[in-house]
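Trainee: Here's my sequence, what's the structure:
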Amino acid sequence: MRPTTAVPSPHQQPVTLQLLAEKKRVGVPIVMVTAYDFPSAQMIEESGAIDLVLAGDTGAEMVLGYRGTTPVSLDEMLVMTAAVRRGLRTPLLVGDLPFGSYEESDEQAVRTAQQLVKDGGADVVKLERAGGSLARVRAIVQSGVPVMGHLGLTPQTEAALGGRRVQGRGAGKAAELLADARALVQAGCFAIVLEAVPEPVATAVSARIPVPTIGIGAGAGTDGQVLVWHDLLGLYEWRPRFAKAYANLRPDIHQALSSYADDVRSRCFPASEHFYTIDDEELQGFLAEIED
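Mentor: Predicted structure coming up:
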């Protein structure tokens, strides 16, 4: 029977917000990856190595084939988040609020966040930007759902940022980034993702706010790092310059598909070890029954 539930990791206890805060306090780096389905989550769980898992809206591009994150719907995010939940026990699961699901009002934001927790199984949620999002953060936190912030390059509003480019390179923009980070902390965020930010800026921001920062393309001075599952495993030929591939699975998958096709066409697969059998007496009875 195929596995249908998470297997608890033998290597760690469930991750809590208190544990993440303690990791920042003592300087232990926090490890975060994205996941969008059950088998990925199950492998993460079995590794016993990961603190946080983000069921991110990057699944729009990585899994669903959209040309960006904005088209993904809340229903699609709920399906992906719930699938990850079924494979995960010990890492903290972060549900991503998709574009258009929280900007309209505090009520909409709270409703979306609670749905990601109740129906998607997320432990906490993440949303992008400061500014107008600050009121949303406060409302969601007051409703009982912890919130992770996201600053720097915010893909949901990449058009307004002039594309997917580094943020905070100018002195004024860097100061604004720090002010936004402090505002998110004040609003109640327990952690903040810093994406595509110069390393010295991200390091300075991380040292000046009391909650953990998770970097992606923000250098080594943040309190933790996050990578996209497909980038980490080399499942796509292209990846951002800040993403490191720790495996190169795409050629292996191509080879597996070609080998499978060759075996089918040469009738090498399936072999006898892949067959189901029937008692000879039952087989003869069946054949006799169908004879014309």
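Trainee: Could I get the full set of helices for this protein?
Mentor: Under the criterion DSSP state H, the chain contains helices at 17-26, 38-47, 59-62, 74-87, 106-118, 133-142, 171-187, 199-208, 229-232, 249-265, 280-290.
Trainee: For those, give me a markdown table that also has distance to Phe99.
Mentor: For the C-beta atoms, the positions are set from N, CA and C on the backbone; glycine is no exception. Formatted as a markdown table, the helices of the chain follow (distance: least, Cβ to Cβ, whole Å):
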| stretch | distance to Phe99 |
| --- | --- |
| helix 17-26 | 26 |
| helix 38-47 | 23 |
| helix 59-62 | 9 |
| helix 74-87 | 10 |
| helix 106-118 | 11 |
| helix 133-142 | 12 |
| helix 171-187 | 18 |
| helix 199-208 | 24 |
| helix 229-232 | 20 |
| helix 249-265 | 29 |
| helix 280-290 | 58 |
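Trainee: Tell me which of those helices sits most buried.
Mentor: Comparing these on average neighbours per residue, with mean count of other Cβ atoms under 10 Å, the densest one is helix 59-62 at a mean of 24.
Trainee: Show me what it is packed up against.
Mentor: Packing contacts for helix 59-62, counted by 3 or more Cβ pairs under 8 Å, 6 or more residues apart in numbering; DSSP states H and E, involve helix 74-87.
Trainee: got the angle for the helix it packs on vs helix 106-118?
Mentor: If you take axes from the mean of the first three to the mean of the last three Cα atoms, to 10 degrees, helix 74-87 sits at 30 degrees to helix 106-118.
Trainee: Need the residues that contact helix 74-87.
Mentor: If you take Cβ atoms under 8 Å, 6 or more residues apart in numbering as the criterion, helix 74-87 is touched by 4-6, 35-42, 44-45, 53, 55, 57, 59-60, 63-64, 93, 95-98, 101, 112, 115-116, 119-122.
Trainee: one more time with 7 Å, if that's ok
Mentor: For helix 74-87, the surrounding residues in contact (Cβ atoms under 7 Å, 6 or more residues apart in numbering) are 5-6, 35-39, 41-42, 45, 53, 55, 57, 59, 63-64, 93, 95-96, 98, 101, 112, 115-116, 119-122.
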